[in-house]
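J.: Need a 3D model of the following:
(4 chains)
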Protein chains: 2
Amino acid sequence: MDELKERQKQVLQIIVNTYVKTVNPVGSRVIAKHYHDELSPATIRNEMHGLEERDYIAQPHISAGRVPTDKGYRYYVDHLMPEPKVAPHVAALVAREYRDRIDNLETLIERTSQILSSLSEQAGLVVFPTFEELVLKHVEITSLGGRQLLVVWISDKGWVQSQVIDLEETIPAGELARISRFLNQELAGMVLEQIQPYLAAQLKQAQDSLHTLCRMAQTIVCESFPKMKPRRMAIEGSRYVLDQPEFQDWEKSRRLFKVLETKDKLSNLVCGDSERAGVQVQIGIEHHCEEIWDCSVVAAQYQINQRTVGAVGVLGPRRMQYERVVSLVDYVSRRFSEVLEQWV
Amino acid sequence: MDELKERQKQVLQIIVNTYVKTVNPVGSRVIAKHYHDELSPATIRNEMHGLEERDYIAQPHISAGRVPTDKGYRYYVDHLMPEPKVAPHVAALVAREYRDRIDNLETLIERTSQILSSLSEQAGLVVFPTFEELVLKHVEITSLGGRQLLVVWISDKGWVQSQVIDLEETIPAGELARISRFLNQELAGMVLEQIQPYLAAQLKQAQDSLHTLCRMAQTIVCESFPKMKPRRMAIEGSRYVLDQPEFQDWEKSRRLFKVLETKDKLSNLVCGDSERAGVQVQIGIEHHCEEIWDCSVVAAQYQINQRTVGAVGVLGPRRMQYERVVSLVDYVSRRFSEVLEQWV
DNA sequence: ATTAGCACTCGATGGTCTTGAGCGCTAGAT
DNA sequence: ATCTAGCGCTCAAGACCATCGAGTGCTAAT
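T.: A predicted model of the protein is given here:
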């Protein structure tokens, strides 16, 4: 039932391609031209009628051409679109952006978002990694003199988080060294998010000689442990979306920018089903964010050590070149994973 | 000559106030009402004529009311505006935002930008501090095993920058300790930006026993030294500007967002004359950025230890409540300086 | 199954008219 | 010398209307 006849598929494909290019509703005559006058507009109209009945296309108004619906785009992406393959020059451009070593995670992420944005000519999105899932490699404690300590947490993939803390009392250097040794023995190799519960449990059953040591260690860890922040994200190139003709409408652009600034909503959207791997395309209202029902989101998760820690994506008008964008997001998410992994 | 008569000043003030509130060109009748029928519209029209001749106000078209020009706003800000005083509830809101300790510079800056934006209902801008002017407190070098080192640079104000580096060869722990001691002895207390030239000079004249040590130290410093990044900035709340009626025009909003995304241009604009202290108001084309000739920028620099290291500001349509915005920017820049200073 | 032909719909474009806000000017009032 | 009432002028915005053209749906013929 949901199966389309061969020619209907062709017509739908032509409509999507043409509409994406021209922004104008596509009429029967234009489609007929694709058949080099082997078919008349009237025939095409019959096919279109079928497509419209089954909700793949719609008319903005009664005497206009046809425009793909969400369902139409979905069918296009699932069945009609050519296999997304990243263009060589795009790959080259991405590679070049990643070539020179970037020294800082924030910058790396911003850069990635810019790459996505400039190559797709849409808004680029990168959700910061949750480092809670990373494995602790080393914790370094240094006295800054007085009652100040510098504590540096180093995870397996070069993710470094440092924190200066104030203590109630000074700790002798010897004690500090012991604490440091103790912490590294106990905690190295653990997944970050398990550390605090584990240490709390340890402390409970330690009523013996290690007691004071444990308390101090606990204090230091509590004060300096990297906080689980609300999921940050980097958004670049939102201006590209504003350039699209459909956003000449003031109300639409206001709604869009409202969503872009409440990043929590957006990050859920980009992260999507954490189950499914690969690129996910959410067309129009499929993403359930009403304010931007006329936008699509193409996103993919990225990994460190096979663990999914975040996602990258592109947001643009529903009328987008899905093949190009999907291939780009796919490629960038892979390269970004690699860069993160080698990033020690 | 540039002196306005008392009543002209009043009229200008009424025009600015009314226009800022209503967005509509202000006619003589509306102004006359402010005088409770003690003056007729015709009289006001005469005064307006004078103001228009001297370019303080203008007519969008011949049968419309008057609108302040750049010069008009400038006169208002310099002479007519009440002394900017931060409203108590605004101060309270700002204080509350800064109350809980923020553990990370990026977040602190983002937060500050959000404060500026939400309380001014315009776009908030914060230029990241240049930490090159900060003083080195301590440099910490730790072996991560193998040929990897973790180097942490700590400045006087708790500004920490860490970097993992790869070496050509392993360095014995003893050597490393010597290098560490050497670097801290030599460099502690220096302004960051002088460190690299100084070390290079030292290396040149060291042909003695310290030679190898020096070379290694040099390598470590070069690889790990915090790079002078292009000036980053945090922009929050650009959507507020889009909400302003003057930005219903698609072209205008496109131009604005183009500027907002090329942050280098903007950061120059916000930093302004590095000479002058206090809040700076740049009205319309005064900031020499043509794309946003109809926007004003209100900015103030912030300090760490009396050293100017960055700037905060607000960007919005020229038609803005200058008094409110100036007082806000002033207040936030001071509080932000304080927070940064206490931030160890 | 296809197509030519025709009637129909409706947005877009552009012209005309009316309305109302607001101005400038001048002559007379204070 | 200053203010004001009154009048005529200008122009933007809105309402109304006619026209045009792209595109459709339907039907009858191929």
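J.: Now A:Ser117: closest residue in space, sequence neighbours ignored.
T.: A:Gly237 (2.7 Å; Cβ to Cβ, 6 or more residues apart in numbering or on different chains). C-beta: built from backbone N, CA, C; applies to glycine.
J.: Could you pull up the contacting residues of the one you found?
T.: Counting by Cβ atoms under 8 Å, 6 or more residues apart in numbering or on different chains, A:Gly237 touches A:Ser113, A:Gln114, A:Leu116, A:Ser117, A:Ser118, A:Glu121, A:Gln122, A:Ala123, A:Gly124, B:Glu261.
J.: Inside strands: which ones of these?
T.: A:Ala123, A:Gly124 (DSSP state E).
J.: Dump the contacts of A:Gly237 to CSV, plus distance to DNA strand C and neighbour count.
T.: Shown next, in CSV, are the contacts of A:Gly237 (distance: Cβ to the nearest atom of the strand, whole Å; neighbours: other Cβ atoms under 10 Å in any protein chain shown):
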residue, distance to DNA strand C, neighbour count
A:Ser113, 35, 24
A:Gln114, 35, 17
A:Leu116, 33, 29
A:Ser117, 30, 26
A:Ser118, 32, 15
A:Glu121, 25, 18
A:Gln122, 25, 28
A:Ala123, 26, 25
A:Gly124, 31, 30
B:Glu261, 30, 18
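J.: just curious, which of the contacts of A:Gly237 is nearest to A:Arg101?
T.: Nearest to A:Arg101, judged by Cβ to Cβ, of those is A:Gln114 at 16.8 Å.
J.: Does that closest one touch A:Ile235 like I think?
T.: No. A:Gln114 is beyond contact range of A:Ile235, at 10.3 Å (criterion: Cβ atoms under 8 Å).
J.: anything in contact with each of those two?
T.: A:Gly124.
J.: Looking at chain A, what residue ends up closest to DNA strand D?
T.: Nearest residue of chain A to DNA strand D: A:Gly27, at 2.9 Å (Cβ to the nearest atom of the strand).
J.: Burial check on that residue, number of neighbours?
T.: 18 (other Cβ atoms under 10 Å in any protein chain shown).
J.: residues contacting it?
T.: A:Pro41, A:Ala64, A:Gly65, A:Arg66.
J.: same thing but 10 Å
T.: A:Ile15, A:Thr18, A:Pro41, A:Ile44, A:Arg45, A:Met48, A:Ser63, A:Ala64, A:Gly65, A:Arg66 (Cβ atoms under 10 Å, 6 or more residues apart in numbering or on different chains).
J.: any idea which of those is closest to A:Glu186?
T.: A:Ile15 (63.3 Å).
J.: Need the nearest residue in space to the closest one, chain neighbours excluded.
T.: For A:Ile15, the nearest residue in space outside its immediate sequence neighbours is A:Val26; the separation is 4.9 Å by Cβ to Cβ, 6+ apart.
J.: Now the one you found: phi and psi?
T.: Main-chain torsions, A:Val26, degrees, to the nearest 10: phi -100, psi 130.
J.: from what I can see, A:Ala300 looks like it's in a strand, true?
T.: Yes. Applying DSSP: H, G, I helix; E, B strand; the rest coil, one finds A:Ala300 inside a strand.
J.: what is the orientation angle of the one helix or strand A:Arg255 maps to with helix B:250-261?
T.: If you go by DSSP states H and E, A:Arg255 is part of helix A:250-261. What separates the directions of helix A:250-261 and helix B:250-261 is an angle of 20 degrees, with axes from the mean of the first three to the mean of the last three Cα atoms, to 10 degrees.
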